[in-house]
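Undergrad: What would the 3D arrangement of this be:
(chains A and B)
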There are 2 protein chains.
Amino acid sequence: MTITIHGLARSRAIRNIWASEELGLAYIHNPLPHGPEGSRKPEFLAINPNGRVPAVEVDGMVLWESLAINLFLAKKAGGPLAPESVEEDGLMTMWTMWAVTEVEAAALALLQNETMKPEDQRDAAVAAKSRETLKVPLSVLEGHLASHGGHLVGNRFTIADLNVASCVFYLRYSPILDDKPAVKAWYQAAMARPAARKTFALRGD
Amino acid sequence: MTITIHGLARSRAIRNIWASEELGLAYIHNPLPHGPEGSRKPEFLAINPNGRVPAVEVDGMVLWESLAINLFLAKKAGGPLAPESVEEDGLMTMWTMWAVTEVEAAALALLQNETMKPEDQRDAAVAAKSRETLKVPLSVLEGHLASHGGHLVGNRFTIADLNVASCVFYLRYSPILDDKPAVKAWYQAAMARPAARKTFALRGD
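TA: Predicted coordinates:
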């Protein structure tokens, strides 16, 4: 398999790098920036007309959508991160979709308005709304992990854990996880994996 | 397979009803409303702790996230709507995820602020922003359909078309598709399918 991952390590491309490292897949990393000189330049629009990173080329096939790419890579590579059955595939896809619809946007908004932006540019109302939005999803995640041995699907670390942890990553500086011990332990265990440490070191932060 | 679909026909449950009809799967429909007397009542929270519809039970396994459920149902049932290979699976999952991240929220906001809300409650700025957000995705969809024989994956109607059309459904009253002939033809063909006609008649609108 020849894999090229387009996008900076500080973009969502990090998710595909992490998955490739976990799966033992060799890849070429093209650290393409966002914007007119990068993800929206004509040569790249021919690869991903959405003008977004990441895009991943696998043996000539182009895929977008970082978390969908990870589900594909896991199934293509096989092994413990991949689903063992159509049922596990369904649950891994469900958790991945859930992370996008219930967690990602609010977690990113919270990161920006609680931590990342200069203090005078933070919007306290957006932060508060994001905390409110995350209340149910984080309780659902806490309850599931606490009652399923600390993993999302199949009692082992899978691509579902990797995908959801990639979104919970936006909450890494937030006190919002302080009363979620199972989420915190699960997230820290995911990030302590050798492939995760190697990958996230590429961000340089 | 014993399938129970929870959620009103006017909710996203319609997507799972449509998929089941296309796949020839028998199902029980539980038209559970939103809110404290429905999707957030304790008996239902035991099924879906997110308190949302749809949730679908398949032989005792519970799944949430309407479009992930459809990918599962197609793979479980097999046939022409399902992926024929890991590659097709990857592309169908990609298009499904793309519809959620690039189309769904903006299309719904446009529907509400262009058509559904009483005129004096519509927010023209939200409608304008939604149109702007949809510009690139609808061009991407138009370009892909025009150059791929009117289908998203594999030169045939698949669960990817069904999932993406389920989101484009929110644009059904909007002039935004007027300059997108391939999208319009693809959407109308999807909605003209016998299973779609039977399904959407359940909405009663």
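Undergrad: excluding its backbone neighbours, what's nearest the residue nearest to the spatial centre of chain A?
TA: For chain A, the residue nearest the mean C-alpha position is A:Ser166 (2.7 Å; CA atoms, centre = their mean). Once flanking residues are discounted, A:Ser166 sits nearest to A:Arg15: 4.5 Å by CB to CB, 6 or more residues apart in numbering or on different chains. The C-beta positions use only the backbone N, C-alpha and C, and glycine is treated the same way.
Undergrad: So for the residue nearest to the centre of chain A, what's the pLDDT?
TA: Per-residue confidence (pLDDT) for A:Ser166: 98.
Undergrad: In terms of helices and strands, where is it?
TA: Of the helices and strands defined by DSSP states H and E, A:Ser166 is found in helix A:159-168.
Undergrad: so what secondary structure elements neighbour that helix?
TA: When contacts are defined as 3 or more CB pairs under 8 Å, 6 or more residues apart in numbering or on different chains; DSSP states H and E, helix A:159-168 packs onto helix A:13-23, helix A:66-77, helix A:86-98, helix A:181-191.
Undergrad: quick revisit: from the structure, what's the count of residues near the residue nearest to A:Ser166?
TA: 23 (other CB atoms under 10 Å in any protein chain shown).
Undergrad: my read: it touches A:Glu65, true?
TA: No. Between A:Arg15 and A:Glu65 there is no contact under CB atoms under 8 Å: 10.2 Å.
Undergrad: Could you say which helix or strand holds A:Val56?
TA: Going by DSSP H and E, A:Val56 is part of strand A:55-58.
Undergrad: Neighbouring strands - and their directions - for that strand?
TA: Strand A:55-58 sits in its sheet next to strand A:3-6 (antiparallel), strand A:61-64 (antiparallel), going by DSSP bridges.
Undergrad: what's the last one in contact with?
TA: Counting contacts by CB atoms under 8 Å, 6 or more residues apart in numbering or on different chains, the residues outside strand A:61-64 that touch it are A:47-48, A:50, A:52, A:54-57, A:69, A:72, B:87, B:90-91, B:94, B:98.
Undergrad: measure A:Arg156 to chain B for me?
TA: 18 Å (CB to the nearest CB, to the nearest Å).
Undergrad: Can you pull the domain assignment for chain A?
TA: Structural domains assigned to chain A are A:3-80, A:86-197, following automatic domain parsing.
Undergrad: for the last one, how far is the first residue from the last?
TA: It refers to domain A:86-197. Criterion CA to CA, to the nearest Å; first-to-last residue distance in domain A:86-197 is 31 Å.
Undergrad: Ok, the first one next?
TA: Start to finish, the residues bounding domain A:3-80 are 20 Å apart (CA to CA).
Undergrad: what about it, average pLDDT?
TA: Mean predicted confidence for domain A:3-80 is 97.
Undergrad: Deepest-packed of the strands paired with strand A:55-58, please.
TA: Per residue and on average, the most neighbours among the strands paired with strand A:55-58 fall to strand A:3-6, with a mean of 22 (mean count of other CB atoms under 10 Å in any protein chain shown).
Undergrad: Could you list the residues of chain A in contact with chain B?
TA: Neighbours of chain B within chain A, by CB under 8 Å from any CB of the partner chain: A:49-51, A:61, A:63-65, A:67-69, A:71-72, A:75-76, A:86-87, A:89-91, A:93-94, A:96-98, A:100-102, A:136-137, A:139-140, A:143-144.
Undergrad: dump the residue contacts of the residue nearest to the centre of chain A.
TA: A:Arg12, A:Ile14, A:Arg15, A:Trp18, A:Ser66, A:Leu67, A:Ala99.
Undergrad: Among those, name the buried ones.
TA: Buried members of the contacts of A:Ser166, counted by 16 or more other CB atoms under 10 Å in any protein chain shown: A:Arg12, A:Ile14, A:Arg15, A:Trp18, A:Ser66, A:Leu67, A:Ala99.
Undergrad: Look up phi and psi at the first one.
TA: For A:Arg12, the backbone dihedrals (degrees, to the nearest 10) come out as phi -70, psi -10.
Undergrad: Excluding sequence neighbours, find me the nearest residue to it.
TA: Counting by CB to CB, 6+ apart, A:Ser66 is the residue found nearest to A:Arg12 once chain neighbours are left out, at 4.2 Å.
Undergrad: Report the separation between that neighbour and B:Ser130.
TA: Computed as CB to CB, to the nearest Å, the A:Ser66 to B:Ser130 distance reads 24 Å.
Undergrad: Regarding the residue of chain A most remote from its centre, what are the backbone dihedral angles?
TA: The C-alpha centroid of chain A is most remote from A:Asp120, which lies 28.7 Å away (CA atoms, centre = their mean). Backbone torsions for A:Asp120, taken as degrees, to the nearest 10, come to phi -80, psi 0.
Undergrad: Return the helix holding A:Ser166 as CSV; C-alpha atoms alone will do.
TA: Coordinates of each C-alpha in helix A:159-168 appear next as CSV, following Å, rounded to 0.1, in the frame of the first residue of the first chain:
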residue,chain,number,x,y,z
ILE,A,159,-9.9,2.7,15.6
ALA,A,160,-13.1,3.9,17.4
ASP,A,161,-11.1,4.8,20.5
LEU,A,162,-8.5,6.5,18.3
ASN,A,163,-11.2,8.5,16.4
VAL,A,164,-13.1,9.6,19.4
ALA,A,165,-9.9,10.4,21.4
SER,A,166,-8.9,12.6,18.4
CYS,A,167,-11.9,14.8,19.1
VAL,A,168,-11.6,14.6,22.9
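Undergrad: Next, the angle helix A:86-98 makes with that helix.
TA: Interaxial angle, helix A:159-168 versus helix A:86-98 (axes from the mean of the first three to the mean of the last three CA atoms, to 10 degrees): 10 degrees.
Undergrad: can you give me the offset of helix A:159-168 from its chain's centre?
TA: 5 Å (CA atoms, centre = their mean, to the nearest Å).
Undergrad: can you give me the angle it makes with helix A:13-23?
TA: Going by the same axes, to 10 degrees, helix A:159-168 makes 150 degrees with helix A:13-23.
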